[in-house]
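Asker: can you look at this prediction? I've put the sequence above it.
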Amino acid sequence: MSDAIEGLLEEGRTFPPPPEFAATARVRDSSLQAAADADPEAFWAGQAAELLDWDRPWDRVLDWQPPDAQWFLGGTLNVAHNCVDRHVAAGLGDRVAFLWEGEPGDERAITYAELQDEVSRAANALLALGIERGDRVAIYMGMVPELPIAMLACARIGAAHSVVFGGFTADSLRGRINDAEAKALITCDGAWRRGAVVPLKDIADEALQDAPSVHHCIVLRRTDHGVSMTPGRDHWWHDLVEAQSEHCPPEPMDAEQLLFILYTSGTTAKPKGIMHTTGGYLTQVASTFRNVFDIRPESDVYWCTADCGWVTGHSYIVYGPLANGATSVIYEGTPDHPDKDRFWAIVEKYGVTILYTAPTAIRTFMKWGDEYPQRRDLSSLRLLGSVGEPINPEAWIWYHDVIGHGRTPIVDTWWQTETGAIMISPLPGATPLKPGSATFPLPGVGADVVGDDGEPVGVPGGGYLVLNRPWPSMLRGVWGDPQRFRDTYWSRFEGLYFAGDGAKRDADGYLWLLGRVDDVMLVSGHNISTAEVESALVDHHAVAEAAVVGTTDATTGQAVSAFVILRSGNVASDDLVRELRDHVAKLIGPIAKPKSILFTDDLPKTRSGKIMRRLLRNVAEDESLGDTTTLADPSVVAGIRDRYLASNAGGDDE
Ligand code: 7RM
């Protein structure tokens, strides 16, 4: 990595924890870290004992037969009991678990006592349909309270859930149902999205035409737009679930009982069914939720804007917050309905204190302009979080200043579906922040940056991010494909988990995530990360969002090709192209100057908001687009391609 790149990212301010935040923070110093360093297994065992109720204590903390780990062997516990019942038993039944807001504006507050009844009824409904411990249940719903309720109902009886994001197609749903051989599907008639109905049941019906393992389908009425019900197979939630008893004792589960399968959408190939189990998973999500978000369950109102269809929703809407007895906001719809201030209206209305969202959303809000957050009172916010992609320093500063009013720490949390829980993140009362850096591994986590030879690169240095120690919420494998588990994660470096991300450490030891390693460009023998060039482009006042790919170049090996969305009020021009190229040259160095810049209104993204650079590479290389099924909006790429071909974008040869 060039010195200029180091300079770009390390310049600028560091942000120590604000004194008033640090004064009352759960973690204010390095003692937790020191304890974990001294004995990571004992640290995690301490967290498991302190944070969870166990029916039977474990005999052994960890059995590590690389790459297979088992945590808390011999221990038994029930996840639904830990997330719901024990809070009611402790006298907190009247505390609100979920403050739910529907897109049309309807609302529901669900207390822990009500949640206990609802989960128990749903669990009894599953039992009545013959669902047993070890079975798989697919869930395909919008963001309604019954989605977490369905997940917890499965956990209560020991069935594994497989939540499929409500934006996926019938083919994607069918593939996931069949891979897991799910016995039942829980869905809705429809979901509200931007004022329109997404016909979930129709899509589910199409998927179920060729899904022989599914014997029952439970349908929640949400949009009430009229759907067809197949007698014998389909049951209305309000008939089946509401008739059940609210008594359903949570059965103790083995710590290694399968809790859920979650398919990674990936950008290529067949999705992998990532498996997570019970005791270790709940331990690490409970611990990280408490420490990273500094939760004070009696006073905080926490809002994670993810969908339950992603791992972020599993760990930080459902299991982490509920295990801590927290109060969370759940919002059903999109951020621009009915207007672009909807998120800020929700923060104001519920007095949200902790907000956890994604850089793609933050950059969209920047593009829309400051007027929308400025319309609303955001003074309740005390902590902000980011997840899903590297957050470029420009977006970090905007988030900090415009949303956090300069008062709130930001926790930039690095983790994956596979890691189950946050792995690299600041502790907001203890870690001085650098905008754009996820800072350090959390206590009990072993992360390093290694070179091609698998050796640590040292400080400072750049290379591949690896995890060098088992962690409680680690994936237990790929459903039905143990070989793929080994090949994908454990074959690149002996004895190390390879995350697939590039990273570097700066001179102070801070970790900077550089995106997927497939997204690193090699220009005239220099490694340049797409994330860094994107960050430099977005640093320019005219740019809202940028995606950068490496394209084949006869002289330099690869050339930097950029796709740029302008902030409202700016106009594309040749002068602006020159200005942006110079801006990148100034911030990183001439080597990183984009050879071409194409202005566009949109970028191809997965449904969870990650840019699909592979498709942009194909556009720039004029190749076939390949598989576009994970795209949120397939028309975007065609539009970009048309413009790209029309603009001679590749021909600029300064
Ligand atoms: C939680 C989630 C995982 C991939 C991961 C990274 C990227 C996630 C950050 C990040 C930089 C972050 N799970 N990623 N968080 N990159 N900084 N804070 O997103 O399985 O859907 O994706 O996302 O590339 O490998 S995921």
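Answerer: Alright, I've got the coordinates.
Asker: can I get the longest helix seen in the chain as CSV, trimmed to CA atoms?
Answerer: Secondary structure of the chain per DSSP state H: the longest helix is helix 112-128. C-alpha atoms of helix 112-128 as CSV (Å, rounded to 0.1, in the frame of the first residue of the first chain):
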residue,chain,number,x,y,z
TYR,A,112,-42.1,-9.2,27.2
ALA,A,113,-45.2,-10.7,28.8
GLU,A,114,-47.2,-10.4,25.5
LEU,A,115,-44.2,-11.8,23.6
GLN,A,116,-44.1,-14.8,25.9
ASP,A,117,-47.8,-15.6,25.1
GLU,A,118,-47.4,-15.0,21.4
VAL,A,119,-44.2,-17.1,21.1
SER,A,120,-45.8,-19.9,23.2
ARG,A,121,-48.9,-20.0,21.0
ALA,A,122,-46.9,-20.0,17.8
ALA,A,123,-44.7,-22.8,19.3
ASN,A,124,-47.8,-24.8,20.1
ALA,A,125,-49.1,-24.3,16.6
LEU,A,126,-45.9,-25.7,15.2
LEU,A,127,-46.1,-28.7,17.5
ALA,A,128,-49.8,-29.2,16.5
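Asker: what packs against it?
Answerer: Using 3 or more C-beta pairs under 8 Å, 6 or more residues apart in numbering; DSSP states H and E, the elements in contact with helix 112-128 are strand 96-101, helix 146-157. In short, each C-beta sits where N, CA and C put it, glycine included.
Asker: identify the residue nearest whichever residue of the stretch 101-250 of the chain sits closest to the ligand in space, chain neighbours excluded?
Answerer: Closest to the ligand within the stretch 101-250 of the chain is Phe165: 10.9 Å, counting by C-beta to the nearest ligand atom. Leaving aside its sequence neighbours, Phe165 sits nearest to Gly309 (C-beta to C-beta, 6 or more residues apart in numbering; 2.8 Å).
Asker: wait, that neighbour sits on His161?
Answerer: No - assessed by C-beta atoms under 8 Å, Gly309 is found out of contact with His161, at 11.2 Å.
Asker: hang on, the earlier thing: next one: the helix or strand following the longest helix of the chain to chain centre, how far?
Answerer: Counting by DSSP states H and E, the element after helix 112-128 in chain order, helix or strand, is strand 136-140. Per C-alpha atoms, centre = their mean, to the nearest Å, the displacement of strand 136-140 from the mean C-alpha position of its chain is 19 Å.
Asker: strands along the stretch 251-400 of the chain, start to end?
Answerer: Taking DSSP state E, counting those that start in this stretch to define them, one finds strands in the stretch 251-400 of the chain at 253-254, 258-264, 272-277, 302-304, 328-331, 354-357, 383-386.
Asker: where does the protein dip in pLDDT?
Answerer: Residue ranges of the chain with pLDDT under 70: 1-12, 265-269, 623-631, 645-654.
Asker: contact residues of it facing the ligand?
Answerer: 264, 310-312, 386-390, 412-417, 438, 499-501, 513, 515-516, 608 (C-beta under 6 Å from any ligand atom).
Asker: OK, contacts around Ser491?
Answerer: The contact partners of Ser491, taken as C-beta atoms under 8 Å, 6 or more residues apart in numbering, are Phe498.
Asker: quick one: what helix or strand has Pro594 in it?
Answerer: Counting by DSSP H and E, no helix or strand carries Pro594.
Asker: not counting sequence-adjacent ones, nearest residue to it?
Answerer: Of all residues not flanking Pro594 in the chain, Ala562 sits nearest, at 3.9 Å (C-beta to C-beta, 6+ apart).
Asker: and the residue of the stretch 151-300 of the chain that's closest to the ligand?
Answerer: Among the residues of the stretch 151-300 of the chain, Thr264 lies nearest to the ligand; the distance is 5.8 Å by C-beta to the nearest ligand atom.
Asker: my guess is that residue meets Gly309, correct?
Answerer: No - Thr264 is beyond contact range of Gly309, at 11.8 Å (criterion: C-beta under 8 Å).
Asker: report the separation between Val88 and Ala97.
Answerer: Here the distance between Val88 and Ala97 works out to 10 Å (C-beta to C-beta, to the nearest Å).
Asker: which of these two has more residues huddled nearby?
Answerer: The neighbour count for Val88 versus Ala97, taken as other C-beta atoms under 10 Å, is higher for Ala97 (26 against 20).
Asker: and that one, what does it touch?
Answerer: Counting by C-beta under 8 Å, 6+ apart, Ala97 touches Val84, Ile110, Thr111, Tyr112, Glu114, Leu115, Leu322, Ala326, Thr327, Ser328.
Asker: among those, who's most crowded?
Answerer: Most neighbours among those, by other C-beta under 10 Å: Val84, with 30 neighbours.
Asker: ok, that one - contacts?
Answerer: Ala97, Tyr112, Leu115, Gln116, Val119, Leu152, Leu322.
Asker: now swap in Leu433 and tell me
Answerer: Counting by C-beta under 8 Å, 6+ apart, Leu433 touches Thr14, Phe15, Pro16, Pro409, Ile410, Asp412, Pro426, Thr439.
Asker: at 10 Å what do you get?
Answerer: If you count contacts by C-beta atoms under 10 Å, 6 or more residues apart in numbering, Leu433 has them with 13-17, 396, 400, 409-412, 426, 439, 510.
Asker: in ChimeraX, how would I select just the buried ones from the residues you listed?
Answerer: In ChimeraX, this line selects whichever of the contacts of Leu433 come out buried by 16 or more other C-beta atoms under 10 Å:
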select :15,17,396,400,409,410,411,412,426,439,510
